[in-house]
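Enquirer: I'll drop the sequence and a predicted model, then ask my questions.
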Amino acid sequence: MREKIVVIDDDEKITSMLRRALTFEGYSVATAGDGQEGLRRVLEQEPDVIILDVMMPKVDGWEVCRRIREGGIGTPVLMLTAKDDISDRVKGLDMGADDYLVKPFALEELLARVRVLLRRKAAEKTEAPTNRLQYEDLVLDLDTREVFREGKLIELTTKEFDLLHLFMQNPKRVLSRDLIMEKIWGYDYSGESNVMEVYIALLRQKTEEHGGKRIIQTVRGAGYVLRGDS
């Protein structure tokens, strides 16, 4: 799939030139002539890079960049400024821009900077730690503390979630009763002696509610295991 770039600039000559050049380089390109239209384009296109002019009617580039970042959009932004003023550069970076280029610019330099931003984005995506665990059709999200099976949300209590998390950290490994009690309830637990069995039963009930096969298995005399035997 081609990488997408949104160009936001009120100078039609620049947007036309950049559309042709970037398309020739193999990118998918959308353009906007002012800040308001640019914000709409960003939301519609979900681009990989945004090329953003500073001085524009209606909403200037600084405000566009600020709104993009406030909206939680982390797309790399290359800002175009008409003057090589340190205060303009600092302001753009403070608003969340990733790079800047002074007009008039060499097309080759702009293309090189776009490639750098795309490589950086790809590297960050590769290095980003995953906060999801998956076993077969069961998915556990550590950020939202949600669990899904076949795409359906499973409502779990805090202890149920922690117990399932332990199993999903150790798929196909038999976990002894003592280990589970220690990890989930702690050494000093003094409540009901069958609390673990109750929670195992609840987890099975909830994860099998929509017809899913059993994946929390009992290993007689040893403990429990996350394994899709039957």
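Expert: Structure received. Numbers count the residues shown, from 1 in each chain.
Enquirer: in this protein, which helix or strand is least confident?
Expert: When each helix and strand of the chain is scored by mean pLDDT, DSSP states H and E, helix 86-94 comes last, with a mean of 75.
Enquirer: show me what that one is packed against.
Expert: Contact partners of helix 86-94 among helices and strands, from 3 or more Cβ pairs under 8 Å, 6 or more residues apart in numbering; DSSP states H and E: helix 61-70, strand 77-81, strand 99-102. Any C-beta I mention is one placed from the backbone N, CA and C, and that applies to glycine too.
Enquirer: any buried residues in that helix, and which?
Expert: Buried residues in helix 86-94, counted by 16 or more other Cβ atoms under 10 Å: D88, R89, K91, G92.
Enquirer: mind listing what's buried in stretch 23-30?
Expert: Y27, V29, A30.
Enquirer: pick the one among those residues closest to I8.
Expert: A30 (9.4 Å; Cβ to Cβ).
Enquirer: how far off centre is the longest helix seen in the chain?
Expert: Secondary structure of the chain read by DSSP state H shows that its longest helix is helix 107-127. Computed by Cα atoms, centre = their mean, to the nearest Å, the chain-centroid distance of helix 107-127 equals 18 Å.
Enquirer: hmm, back to that, what's the most distant pair in the buried residues of helix 86-94?
Expert: Most distant of the buried residues of helix 86-94, by Cβ to Cβ, are R89 and K91, 7.3 Å apart.
Enquirer: if you count contacts, what does the longest helix of the chain end up packed against?
Expert: helix 12-24, strand 49-53, strand 77-81, strand 99-102.
Enquirer: pick the most buried one from those.
Expert: Highest mean neighbour count of the helices and strands packed on helix 107-127: strand 49-53, a mean of 27 (counted as mean count of other Cβ atoms under 10 Å).
Enquirer: who does that strand touch, helix- and strand-wise?
Expert: strand 4-8, helix 35-45, helix 61-70, strand 77-81, helix 107-127.
Enquirer: identify all contacting residues around the fourth one.
Expert: Meaning strand 77-81. The contact list for strand 77-81, computed with Cβ atoms under 8 Å, 6 or more residues apart in numbering, reads 9, 14, 49-54, 61, 65, 68, 88-89, 92, 96-103, 105, 110, 113-114, 117.
Enquirer: ok, 6 Å please
Expert: For strand 77-81, the external contacting residues (Cβ atoms under 6 Å, 6 or more residues apart in numbering) are 50-54, 61, 65, 88, 92, 97-103, 113.
Enquirer: what angle separates it from helix 35-45?
Expert: 160 degrees (axes from the mean of the first three to the mean of the last three Cα atoms, to 10 degrees).
Enquirer: and strand 77-81 with helix 61-70, angle?
Expert: 170 degrees.
Enquirer: could I get the buried residue list for stretch 43-60?
Expert: For stretch 43-60, by 16+ other Cβ under 10 Å, it's 45, 47-56, 59-60.
Enquirer: and which of those is nearest to H165?
Expert: D48 (33.5 Å).
Enquirer: run a quick neighbour tally on the closest residue to that closest one other than its chain neighbours.
Expert: Closest residue to D48 in three dimensions, ignoring its sequence neighbours and counting by Cβ to Cβ, 6 or more residues apart in numbering: E3, at 4.3 Å. A count of neighbours around E3, defined by other Cβ atoms under 10 Å, yields 18.
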